[in-house]
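Q: Quick one, what's the 3D model for this:
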Amino acid sequence: MTGAVLPAVAQMPVAPEVAARAYLLLDVTSGQVLAAKEADQPVEPASLTKLMTAYIVFDALKSGKISLTQTFGVSERAWKMPGSRMFIDPKMQVPVEDLIKGMIVQSGNDATVALAEGVAGSVERFVQLMNEQGKVLGLKGTSYRNPEGLTEAGHTTTARDLATLATRLMSDFPQYVPYYAIQRYRYPGTPATNDTNRNLLLFRDPSVDGLKTGHTNAAGYCLVATARRQVPGLGEGAQGQRRLLSVVLGATSENARAAESQKLLNWGYTAFEAVRLFPAGTPVATPRIWKGQAEQVKLGRPEGVVVSVPTGEGAKLKSEVIRPEPLVAPLTKGQAVGSLKVTMASGATVAEIPLTVMDTVEESGVFGRAWDAIRLWIQ
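A: Alright, predicted model coming up:
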């Protein structure tokens, strides 16, 4: 869910000390930022760059431009990439699915360049696609210079942008997200010692199912991690699962980035509770609409409304619909109309969630519009 999330205010839990240059904790289920430090500070992304590389590759798969079984060649440029590798060489024709696993599980720079060249024809053209997609996703603090994340002037991002990118990656391509949960992988004929996912939380916390690590000398040790846990207050089955996402940048070691990420995730689940105010498909409000073929319009969110509040505050919430008046047809499905303001008993604002039209209301005929115009004038 995406909402206009306000900064933490009175009575909000205090985040733990996190040993990192920057961090952000996002409740993906509610769309609320639970904690952040230097979230808009430009940083070097290292291999977290590969989240955008994956976004472009997944989009090419979804559109049918490429397929998982299709094979790509390995150029000299890909073969000679420094840093983390999958250990592929120019004699190989490698299936796209294996290159994806090599990029995600092994963080292979060689696999990443092979994918970039296979999808866009050249690394340079692929980087153009990355920057164009960044603008579409609203990544205002991000600029890409390469697809793999090696240090290069002007190659920067922010913790907030990484949270946005990771969230969109999961929501836009759910069919490919399971690649990020793979603990071990290697391509046949490559070193057996190079098979382990560097995301240590995949081995420590069964609720963690991704996403990506990164490290360069300049960036330090970085990790974008996501967990999904069953929680009370949201319902049964998949509806009852709450997803959090942590971004930890500039930690001092591989173990430290995992430990600090785990600390943030655990704190988010215990310090805040998730409350489902409106189930999926249920209107938040059905106000009067004028000059339309219907007398009322349904306002809400297709996925429903979930908010995160300090533990113990869930039963004391108040909500208020803020919208323009009068509402006049036509209004189209998905059109933004007003918001839902949620406050705690103290009056502290939890979130302001944009509402959209759930069903299109067409304009009525000329006589209906004329009659409503008279009634509006009388009012």
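Q: where in the stretch 151-300 of the chain is pLDDT low?
A: By pLDDT under 70, the stretch 151-300 of the chain has no low-scoring segment.
Q: those helices in it, which residues are they?
A: With DSSP state H, counting those that start in this stretch as the criterion, the stretch 151-300 of the chain has helices at 159-172, 201-204, 254-271.
Q: Please point out which parts of the longest one sit buried.
A: With burial defined by 16 or more other CB atoms under 10 Å, the residues of helix 254-271 counted as buried are 256-269, 271. Every C-beta, even on glycine, is put in place using the N, C-alpha and C of the backbone.
Q: next one: the first one
A: Neighbour counts using 16+ other CB under 10 Å place 159, 160, 161, 162, 163, 164, 165, 166, 167, 168, 169, 170 of helix 159-172 among the buried residues.
Q: isn't the last one right up against residue 28?
A: Yes - counting by CB atoms under 8 Å, residue 170 touches residue 28, with 7.3 Å between them.
Q: list residues touching both of the two?
A: 226, 243 (CB atoms under 8 Å, 6 or more residues apart in numbering).
Q: need the contact list for residue 208.
A: Contacts of residue 208 by CB under 8 Å, 6+ apart are 199, 201, 202, 225, 226, 227, 265.
Q: Closest to residue 38 out of those?
A: Of all those, residue 38 sits closest to residue 225, with 18.1 Å by CB to CB.
Q: what residues are up against the closest residue to that closest one other than its chain neighbours?
A: Excluding the flanking residues, the one nearest residue 225 by CB to CB, 6 or more residues apart in numbering is residue 261, at 4.5 Å. Residue 261 makes contact with 201, 223, 225, 246, 248 under the criterion CB under 8 Å, 6+ apart.
Q: from the residues you listed, which single one is nearest residue 83?
A: Once CB to CB is applied, the member of these that ends up nearest residue 83 is residue 223, at 16.9 Å.
Q: Pull the contacting residues for that closest one.
A: So residue 223 contacts 199, 201, 212, 213, 214, 246, 247, 248, 251, 257, 258, 261 (CB under 8 Å, 6+ apart).
Q: can you map out the strands along the stretch 201-350 of the chain?
A: 208-216, 220-230, 241-251, 272-278, 289-290, 299-300, 305-310, 318-322, 327-328, 336-343, 349-357 (DSSP state E, counting those that start in this stretch).
Q: Tell me which residues of the last one come out buried.
A: Spelled out, that is strand 349-357. 350, 351, 352, 353, 355, 356, 357.
Q: Please report how far the first one lies from residue 265.
A: Taking CB to CB, to the nearest Å as the criterion, residue 350 is separated from residue 265 by 21 Å.
Q: Could you do the third one as well?
A: Relative to residue 265, residue 352 is positioned 26 Å away (CB to CB).
Q: before we move on, what about the second one?
A: Between residue 351 and residue 265 the computed distance is 20 Å (CB to CB).
Q: quick one, what contacts the nearest residue to residue 275 once chain neighbours are set aside?
A: In space, and not counting its chain neighbours, residue 275 is closest to residue 314: 4.3 Å by CB to CB, 6+ apart. Counting by CB under 8 Å, 6+ apart, residue 314 makes contact with 233, 273, 275.
Q: Now that the last one has come up, it's in contact with residue 307, right?
A: Put plainly, it is residue 275. Yes - look at residue 275 against residue 307 with CB under 8 Å: they come within range, at 5.5 Å.
Q: overlap in contacts of the two?
A: In contact with both residue 275 and residue 307: residue 317, using CB under 8 Å, 6+ apart.
Q: Of these two, which one has the most company?
A: residue 307 (27 against 20; other CB atoms under 10 Å).
Q: In CSV, list the buried residues of helix 159-172 along with distance to residue 58.
A: Shown next, in CSV, are those (distance: CB to CB, whole Å):
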residue, distance to residue 58
159, 22
160, 22
161, 18
162, 17
163, 18
164, 16
165, 12
166, 13
167, 14
168, 11
169, 7
170, 11
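Q: Show me what residue 285 bridges to in the sheet.
A: residue 299 (DSSP bridges).
Q: got a list of what it touches?
A: 298, 299, 300, 321, 323, 338, 355.
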